[in-house]
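Enquirer: The amino acid sequence is not available; the structure is as follows:
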């Protein structure tokens, strides 16, 4: 089991992008409580969540999580809090420190367990952004450092810069990866993750809900605000083959399609914990069931073949 900030991380992280957006505060609290009670231990958010919603400006998810922690402070020691900076204002050192302070205040915590550079900012030298992160770590504001949406080449550069300047070494990566869309991670980036001993926490683990079986035709896409994002999967031969293979394995295991898709993902080399979000207790149940589902080699091979 992967460790972040000295805490063990269960092989399923809870995505906080929906908190304060499609899950209101009361629903978010229920989901967070149920996730932790089911053995979950990592909550993933970002300062940009959910700035895309009209009337929001970012920080809504962190605020909800902070209120949840304040309601039951004992939960703090049971969870790893991961958040991110840089999506909105880039990674200039002068923006990183105040952004970190704002996240700490919204979350109501003294230290962020895992702090990501949310996306690569090639306008800022890595020595500057990583130096700012290292300063936060030395100040006790953050524990571990992560890189999100970085290519393999840039991860390699970041590791080299950290070694050269004596900065804390990045411990985690976060990239787009799921059963129906594997090429974004598999190859050089996965090789880098494994050979360098990094922990990958993939997002879009359920392909915007497609891998739950919720969207099987264009007529299904209006079921949620994110439905239209699945149109390319619905229309593709690969998407149809993947759903058919998931249906087979789900029937064999008695598990939901989402559970099987996450179990496949957690079994992939380099993956520490897939990130998935829920807006209801029923959805969450299908996610946390992946914590205890281990697919057989034959089942993994059939899913591999369908998605190749």
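Expert: Perfect, thanks for sending it. Not measured: the values here are computed from a predicted model.
Enquirer: can you count the residues close to residue 70?
Expert: 13 (other Cβ atoms under 10 Å). From N, CA and C alone the C-beta is placed, and that goes for glycine too.
Enquirer: which strands and helices sit next to the helix ranked longest in the chain?
Expert: With DSSP state H setting the assignment, residue counts place helix 237-253 as the longest helix in the chain. For helix 237-253, the elements it packs on are helix 231-234, helix 257-266, helix 297-307, judged by 3 or more Cβ pairs under 8 Å, 6 or more residues apart in numbering; DSSP states H and E.
Enquirer: Nearest approach to residue 174 belongs to which of these?
Expert: For the helices and strands packed on helix 237-253, proximity to residue 174 was assessed by Cβ to Cβ; helix 257-266 is nearest, at 13.2 Å.
Enquirer: Next, the residues that contact the closest one from outside, please.
Expert: 11-12, 177-179, 202, 205-206, 211-213, 243, 246-247, 249-250, 253, 255, 271, 273-274, 276, 283, 286-287, 289-290, 293-295, 300, 303 (Cβ atoms under 8 Å, 6 or more residues apart in numbering).
Enquirer: If any of these are buried, put those into a PyMOL selection.
Expert: Command for PyMOL that selects the buried part of the contacts of helix 257-266, burial taken from 16 or more other Cβ atoms under 10 Å:
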select buried, resi 11+12+177+178+179+202+205+206+211+212+213+243+246+249+250+253+255+271+273+274+276+283+286+287+289+290+293+295+300+303
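Enquirer: Mind telling me what element residue 31 is part of?
Expert: helix 25-37 (DSSP states H and E).
Enquirer: how much space is there between residue 9 and residue 1?
Expert: 7 Å (Cβ to Cβ, to the nearest Å).
Enquirer: what does stretch 289-301 contact?
Expert: Taking Cβ under 8 Å, 6+ apart as the rule, stretch 289-301 contacts 10-12, 38-40, 249, 252-253, 255-256, 258-260, 262-264, 266-267, 274, 303.
Enquirer: thinking again about what came up before, narrow the contacts of helix 257-266 to those in helices?
Expert: Secondary structure from DSSP H places 243, 246, 247, 249, 250, 253, 283, 286, 287, 300, 303 of the contacts of helix 257-266 in helices.
Enquirer: these two touch, right, the second one and residue 211?
Expert: Just to be clear, that refers to residue 246. Yes - if you go by Cβ atoms under 8 Å, residue 246 and residue 211 touch, sitting 6.8 Å apart.
Enquirer: overlap in contacts of these two?
Expert: Joint contacts of residue 246 and residue 211 (Cβ under 8 Å, 6+ apart) are 179, 257, 261.
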